[in-house]
Every structure is written in structure tokens, then in C-alpha cells.
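Participant: what's the 3D shape of this:
(one chain, ligands or ions: 2)
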Amino acid sequence: ASRVSLPPFSGTGTTSDGHRVPLLANVGSGKDAKAAAAAGAEGIGLLRTEFCFLGRDSEPTQEEQVTAYGAVFEAFPGRKVVVRTLDAGADKPLPFLTDATEPNPALGVRGFRTDRSSPGVLGRQLEAIAIAAGAHEADVWVMAPMISTAEEAADFAVQCTGAGLAMPGVMIEVPAAALMAEAVLSRVRFASLGTNDLTQYTMAADRQLGTLATLNDPWQPAVLQLIGRTVEGARAAETAAEPGQATAAIKNVGVCGEAAADPALAVVLTGLGVNTLSMTPRALASVGAVLATVSLAEAQDLASVALSAHTAAEARSAVRSRLPVLEELG
Ligand code: PEP
Ligand code: MG
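Facilitator: Ligands and ions are numbered 1, 2, ... in the order given. I've put the predicted structure just below:
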């Protein structure tokens, strides 16, 4: 098969029959955001705010945070920017916030859980995000990492509202939150699937251990089932939330884990009902090109193929063999 060089991403993610799937970027700084805009990203689906905190021994000041977030918003005027609040702990330890002696850091006080052990840091971060958002035109959404229960989602939403941030959401990266998606999503406006952690926790396989890569694979049918279940929960939460309205308030379910950067898996995710895909900017062109070759109905068929496989390898090869365009892309 010959390898074709791809044109840059056109800037509008769609299936062949015009179903829109905005393609967003994962970034970790203002510099990354500029590069993502140049690569054609439609917005930011994951701003990892750790960049502002890592390598420091104390919390950055509000002013430092406002400047750092503002640099990202500036690169996407009028566009969606999803800011993830601090995800300290586990693979992202922070000396002033997390406990390095925890026996099992991936299951410890990480992500949103640090709001209990170190109250105030999250509130100050939300204020900084709100100030930066107020000074720029970006459409700013805010989400919490490592949410496990509907109560945590509700707690986060209340804090966002208190800070004047109108679009609170959660990351779905714990299997319990995926299973309870309807209850979780009824508390917030949107969800973003963190497939890196969702895979690690579903398969009980450390994402940092290369020797467990076969288990730690987002093509695992168990992971795909949880993604499907999350979408179903979100749709149910829409109907339950606005019973009197003619059109339900759509609860966006995105994917911002590495799964979204695999073009074949991006098609499966679309078929499972995911609304937006966020990825490393260098994957935008190939994901956009493959998505444009399938209709929504074909993507749904491919999602069924993947869901009915018994192994990750079987799911991957069955879907890939039905997407001949992948051969051309090399
Ligand atoms: C994820 O878990 O999929 C994710 C996007 O977050 P991170 O990789 O930063 O944990
Ligand atoms: Mg994660």
C-alpha cells in the first residue's frame, strides 16, 4: 500500500454524511495551544493545568494562574476550551499537595480527591480560570478529574457555579462513574472520557507498566462497553433533566484520552455516540481523514463489531479490516 501524505486538517470534523464530530486538541500550555490552533483544532478538549503547578514547591499565585490560562484562551477566540482542574497525584505527584508515601498512589488521593485533603487550592484555581475567562472570548468549560460518584460531581458543580463558571463537567475515568453515568451527568453539563485512566482502572493494569500493554488497551471490549454505557447515561440524564422541554439540553460526551487519536478507534467512538474527540494535534489530520470516509450508520455498525469482539486484538483487527482507507494512510 502506498503512503499518502495528508493535507492539514480542514478544521471541521464530519462523517461522510455530514454528522459533526468536532475535533479538538489536548494541550498543556499556551504555546501548545497556539500550535494546536495552527494545526486546525476546532478548540481545546483538554487543557492539562498541571503545567502551571508541576516542578514547584508551592501553589502558583492567582496572577500566575490567570496569565497561564489566559494564554490558552487567547489562542481560541470564540472557541471551546475545556479546562481540567488540577489532576495531582498518581503519575502526576505534587510535593505540596500529594502524599508520596501512599502505598498505592493510583488509588490514592488524586485529582478531585485533593480538594478534601487540601481545601482551597481548587477554589482558588476556579477563581483564576473565571478571571482569565472574563478577559478573553473563549467559550470556557471546566471539568474535574477522577470523579467517582454523583455526590462529587454535584460538589464540583456547586463550586464552579460559585466561581461564576457556567459549564461544569466531569471526566469519566473511573468505572464506577461510567456505570453511574446517568446520576453523575444529571449533576453537570458535560462529560469527557479519560480513556487512559478508564482503561487502567477497568483492566486493573497500571498505565505506566509497559509489560501490561496488552491489558492496558482501550480496544478492550470491557472499556468500549463502559464508553457506550456512559453515552447512554448521558442521554438518559438529558431527558430526565428537562422533561418539559421540546428539545433536551444536550450533554456533550467527549473523549480526551489517547483512544481518540487512533483513527479506527475514533470511528468506533463516534459510532458509540461520542460527540467530540480531543487528541494530540498531530493526530487531527489522520482522524479527520478517516472519519470523513464513513457515514454515521457505518460508524455505528463498526461500533457493534468492536463491542461484540471477545478480545482487544479481535476488535481492532475486525474494525481495521473494514476501513480500507487506513491502508492508504500508511
Ligand atoms: C485520561 O486519563 O485519559 C486523561 C486524558 O487524563 P491523563 O492522561 O492526564 O490522566
Ligand atoms: Mg486521567
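
Participant: Run a quick neighbour tally on Ala313.
Facilitator: 13 (other Cβ atoms under 10 Å). Heads up, the C-betas are built off the backbone N, CA and C, glycines and all.

Participant: same question, Gly162
Facilitator: 12.

Participant: Next up, the contacts around it.
Facilitator: For Gly162, the contacting residues are 123, 126, by Cβ atoms under 8 Å, 6 or more residues apart in numbering.

Participant: ok, so what distance separates it from Gly123?
Facilitator: Distance, Gly162 to Gly123, using Cβ to Cβ, to the nearest Å: 8 Å.

Participant: How about Ile44?
Facilitator: Separation of Ile44 from Gly123 (Cβ to Cβ): 23 Å.

Participant: Compare those two and say which is more crowded by neighbours.
Facilitator: Ile44 (29 against 13).

Participant: what pLDDT does Glu327 get?
Facilitator: We have a pLDDT of 88 for Glu327.

Participant: In three-state terms, how would it be classified?
Facilitator: Classification of Glu327 using DSSP: H, G, I helix; E, B strand; the rest coil returns helix.

Participant: and it, how far is that from ligand 2?
Facilitator: As defined by Cβ to the ion, to the nearest Å, Glu327 lies at a distance of 32 Å from ligand 2.

Participant: ditto for Gly108
Facilitator: The gap separating Gly108 from ligand 2 is 14 Å, by Cβ to the ion.

Participant: Can you give me the neighbour number for that residue?
Facilitator: Residues lying near Gly108 (other Cβ under 10 Å) number 16.

Participant: How about Val158?
Facilitator: Val158 has 12 nearby residues by other Cβ under 10 Å.

Participant: next one: Ser317
Facilitator: Ser317: 14 neighbours (other Cβ under 10 Å).

Participant: Next: Leu126.
Facilitator: The number of residues near Leu126, taken as other Cβ under 10 Å, comes to 23.

Participant: Not counting its neighbours along the chain, what's nearest it?
Facilitator: Ala163 (3.9 Å; Cβ to Cβ, 6 or more residues apart in numbering).

Participant: Please apply the same query to Gly194.
Facilitator: Glu173 (3.4 Å).

Participant: next helix or strand past the longest helix along the chain?
Facilitator: Criterion DSSP state H: the longest helix present in the chain is helix 221-241. Following helix 221-241 in sequence order, the next helix or strand is strand 252-255 (DSSP states H and E).

Participant: what helices or strands is that next one leaning on?
Facilitator: strand 190-193, helix 221-241, strand 276-279 (3 or more Cβ pairs under 8 Å, 6 or more residues apart in numbering; DSSP states H and E).

Participant: quick one: is the second one near ligand 1?
Facilitator: Yep, that's helix 221-241 we're talking about. No - Helix 221-241 does not reach ligand 1 (Cβ under 6 Å from any ligand atom); its nearest approach is 10.9 Å.

Participant: likewise the last one?
Facilitator: No - taking Cβ under 6 Å from any ligand atom as the criterion, strand 276-279 and ligand 1 are apart, separated by no less than 8.2 Å.

Participant: quick one: low-confidence parts of the stretch 101-250 of the chain?
Facilitator: Within the stretch 101-250 of the chain, the ranges that satisfy pLDDT under 70 run 240-248.

Participant: Show me the helices in this protein, by range?
Facilitator: 30-38, 62-74, 114-117, 121-134, 150-162, 175-179, 181-185, 195-203, 221-241, 263-271, 284-291, 296-308, 312-321, 325-329.

Participant: Name the residues of the stretch 201-330 of the chain found near ligand 1, please.
Facilitator: Counting by Cβ under 6 Å from any ligand atom, the stretch 201-330 of the chain sits next to ligand 1 at 256-257.

Participant: Single out the residue in the stretch 201-330 of the chain that lies closest to ligand 2.
Facilitator: Relative to ligand 2, the nearest point of the stretch 201-330 of the chain is Gly257 (7.2 Å; Cβ to the ion).

Participant: is it true that that residue touches Gln200?
Facilitator: No - using Cβ atoms under 8 Å, Gly257 is not in contact with Gln200, being 10.0 Å away.

Participant: I appreciate the help and will end here.
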